[in-house]
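In: My questions are about this predicted structure, shown below with the sequence.
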Amino acid sequence: PRVAQNKVQYQEGFSLSEFIQAYGTEEKCLAALELARWPEGFRCQRCGESENFGVIHDDRRKRYQCNQCRHQTTATAGTIFDSTKLPLSIWFQAIFLITHAKNGISAMELKRQLGVSYPTSWKIKHKLMEAMKDRDGKYLLRGIVHIDDAYFGGELNGGKAGRGSENKVPFVAALEMSDENRPIHLRLNRVSGFTSDAIAAWSLDSLAPGSVVFSDGLACFRAVGAANCEHVPIVIGGRKPKDVPLFQWLNTIMGNVKTALSGTHHAFNFKKYGDRYLAEMSYRFNRRFYLKGLLQRLLVAGIGCDPQPERLLRSAEVCC
């Protein structure tokens, strides 16, 4: 018998030919950026004026000037694209590649695809990952939530194994579930450790009050009560994860995330930049039903994210 096709995997996406047709020139990219930022037409970010303005064309960027307060701005000002010297077409190509790579794309591969230097591709990727992190960070998991402890990295030669390893970085994997036990929304966040204080702080930032949180019974997860959530421990004991159907989705997703990160990026400073890489994985997962609109969604997220100069990108927190 013929195997049924997975609707998510086989959904219609945004093809390369469609991308070229929609964003193949600098003019088309600028028009798309302006429409995404000002869907109802230009509005001055300083005084709010929307009708009385002029347009100034120079060698670099099209500028808008409000005739009421005389403030000048561009479509990129105050966004993730702020002060960029790159053509917008390069940014749009990067957004297309990042959103349509199922397991992600490394900065090195992005360099080759875009034809830019590695430092440039690194900054593009980290700026867009920061926009993903900023966008999904505003969403609180609610209702039924499955939660588990996870680690990235392995033990050093001669070091400790397991949870005591000096080279392992802890992060929380949490999945909002439907009443039919289907995954809705994923959050992956680094924590300083699996302590009650760390989980309490995480839950206040990640969980909506009144949620019911299922875990494997790790003691620190009782701290979700700090966010007025109910904790339901499901003690696994000596059983293997596959023998606990309740956490099947979460275990599968965690395995896919670790495989994708190690397979695509091979090595990176997870202690410093792990939050961004985890945000990229969860961002694509949370929009897995909308492949055709992923580029537009990340464009809007980039517009809504504050500028990220290199000094901020490289000053990521080493610990939570």
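Out: Looks like it came in fine.

In: Next, count neighbours for Lys133.
Out: 20 (other C-beta atoms under 10 Å). Backbone N, C-alpha and C define where each C-beta goes, glycine included.

In: Can you give me the distance of the nearest residue to it once chain neighbours are set aside to Lys272?
Out: Closest residue to Lys133 apart from its sequence neighbours, by C-beta to C-beta, 6 or more residues apart in numbering: Ala279 at 3.6 Å. Going from Ala279 to Lys272 by C-beta to C-beta, to the nearest Å gives 14 Å.

In: Compare the two (neighbour count), which wins?
Out: Ala279 (22 against 15).

In: quick one: contacts for that one?
Out: Residues counted as contacts of Ala279 (C-beta atoms under 8 Å, 6 or more residues apart in numbering) are Met129, Met132, Lys133, Asp136, Gly137, Leu188.

In: hmm, 10 Å instead?
Out: Met129, Glu130, Ala131, Met132, Lys133, Asp134, Arg135, Asp136, Gly137, Arg187, Leu188, Asn189 (C-beta atoms under 10 Å, 6 or more residues apart in numbering).

In: ditto for Gly104
Out: 97-98, 125, 129, 257, 260-261, 263-265, 277, 280-281, 284 are the contacts of Gly104 under C-beta under 10 Å, 6+ apart.

In: Show me just the buried residues among those.
Out: With burial judged by 16 or more other C-beta atoms under 10 Å, the buried subset of these is 97-98, 125, 129, 257, 260-261, 264-265, 277, 280-281, 284.

In: Which of those scores worst on pLDDT?
Out: pLDDT across these is lowest for His265, at 80.

In: Distance check, that residue against Ser121.
Out: For His265 relative to Ser121 (C-beta to C-beta), the value is 13 Å.

In: do Thr252 as well
Out: Thr252 is 31 Å from Ser121, by C-beta to C-beta.

In: So which of these two has more stuff around it?
Out: Ser121 (23 against 13).

In: Figure out the helix or strand that the more buried one lives in.
Out: helix 118-136 (DSSP states H and E).

In: tell me the SS of Val172?
Out: strand (DSSP: H, G, I helix; E, B strand; the rest coil).

In: I figured it was touching Leu186, is that so?
Out: No. If you go by C-beta atoms under 10 Å, Val172 and Leu186 don't touch, sitting 11.0 Å apart.

In: Quick check: neighbours shared by those two?
Out: With C-beta under 10 Å, 6+ apart as the test, Val172 and Leu186 both reach Leu278.
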